[in-house]
Structures are given as structure tokens and as C-alpha cells.
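In: Any chance you could fold what I've pasted below:
(one chain, ligands or ions: 1)
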Amino acid sequence: MFEDDPVDDLPAATLCHLVDRGDDPGGDGGAAGDETLLIRKKRGVGSGQWVGPGGKVEPGETVEECVVREVREEVGIDVLDPERAGVFVYRSDGWDAVVHVFRATEYAGTPEETAEADPRWFPVDDLPFAEMWQTDREWLPHVLDGGTFRGRFVYSDGEPREVRMETGVTPSL
Ligand SMILES: CNc1ncnc2c1ncn2[C@@H]1O[C@H](COP(=O)(O)OP(=O)(O)OP(=O)(O)O)[C@@H](O)[C@H]1O
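Out: Just a heads-up that it's a prediction; the model follows:
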């Protein structure tokens, strides 16, 4: 999957997909009512789009530390149980990166707007894909459903040109 990529030299970034399981009135753990937190990014890579909160890994920081810090900085909440759900290599005519995707269900605080992000909860079965990275359609429903993936997405002129995906695999490089 990543044979052609200098994965150790690419900048690393994180994304967090927080899932709120809703009230679960039937107590059966069913999916009805599940929501996920997205942000309208105000600046940086992908600004204007809806994405999970996240950002670039800083020197000396682990990806787990990064995802907690970025969610706190962008929407003011503490994610308590981030787990690795996927990893993808993003190649483009601009920025290239290895993006580590986390899923979480527990958090402390209330999401609030910041200078970087405008947060909003969306039903997991009604996501704003027309205003998201096009390749999010390939993997996000799977991650919200508890799955794992690895991917490689090559973009040029803002469009995906090559899309490779494996699901149900350990999300490592
Ligand atoms: C198909 N390609 C992609 N699909 C979905 N999401 C993608 C992505 N390529 C990058 N991303 C995310 O974009 C953010 C960039 O980081 P970004 O927010 O600009 O960085 P950071 O918050 O550190 O900000 P500054 O650089 O300080 O402005 C970061 O979450 C990263 O995971």
C-alpha cells in the first residue's frame, strides 16, 4: 500500500471522529440517533470544508498526544478515549502527509467555536459529504461504524486521482 511513499519523512497529522451514541432509548445499543462532531475549518489545509478536528503533529509529540491537543485547541473539549481507527497517506500537488485517524466516544466539556473552527454535530447517516474531502466518503462511514482502514489518496487540482483502501486491517503504516 505505501511502498512508494517516504512515510518516515512525510509530515504526520491527526483527525478525530467523535461519536455520540445518543440517548439509546431502547437500551439496545442501536445506531439510531448517533451523531458525530465535525468542524467547519476556518484556516489551514482544507479550510472551508467540514472535517473532523485534528492537525499537524508537533516535534516530540506522539500522535495520541497530538489528537487530544488539537481537539482541545480547536473546539475546547477533552477527548478521553481516542483509539486508532485508520491511517492514510495523502499525496497532492501541495502538502503531503500521513494522517492518523482516531475514533472516540467519551469527552469532557461542550464543543465551542474558536478562531480555528466552527463545530457542529451531524447525524452519522446524514453527513455533509458535498462539503468534505471527497475521499472521506470512502472511509468515514466505516470508521463511524467501528471499523478500521488503511488508505492512500493522491489528489491533484483538488480532485482525487488515485484511491486505494483496505478495511478491517490494523491501522498502521
Ligand atoms: C484526503 N486528504 C485529507 N482528508 C481528510 N483530512 C485531511 C486530509 N489531508 C489533511 N487532512 C487533515 O487536515 C488537517 C491539516 O492540518 P491543519 O489543520 O492545517 O494543521 P494545524 O491545526 O496544525 O494548523 P496550522 O498548521 O498551525 O495552521 C489535519 O487535521 C489533517 O488530518
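
In: what does the protein put close to the ligand?
Out: Within the chain, the positions near the ligand by Cβ under 6 Å from any ligand atom are 13-15, 43-46, 51, 54-56, 70, 90, 97, 99, 133, 135, 153. Quick note: C-beta positions are derived from backbone N, CA and C, even for glycine.

In: same thing but at 8 Å, please
Out: Taking Cβ under 8 Å from any ligand atom as the contact definition, the chain meets the ligand at 13-15, 41, 43-47, 51-56, 58, 70, 73-74, 88, 90, 92, 95, 97, 99-101, 116, 132-136, 153, 155, 160.

In: Could you pull up phi and psi at residue 136?
Out: The phi and psi values for residue 136, taken as degrees, to the nearest 10, are phi -60, psi -30.

In: thinking again about what came up before, restrict the residues of the chain next to the ligand to the buried ones and give me that as a ChimeraX selection.
Out: In ChimeraX syntax, the buried subset of the residues of the chain next to the ligand is picked out as below (16 or more other Cβ atoms under 10 Å):
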select :13,14,15,41,45,51,52,53,54,55,56,70,74,88,90,92,97,99,100,101,116,132,133,135,136,153,155,160
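
In: So which of the residues of the chain next to the ligand belong to strands?
Out: Judged by DSSP state E, these include 13-15, 41, 51, 54-56, 88, 90, 97, 99-101, 153, 155, 160 as members of strands.
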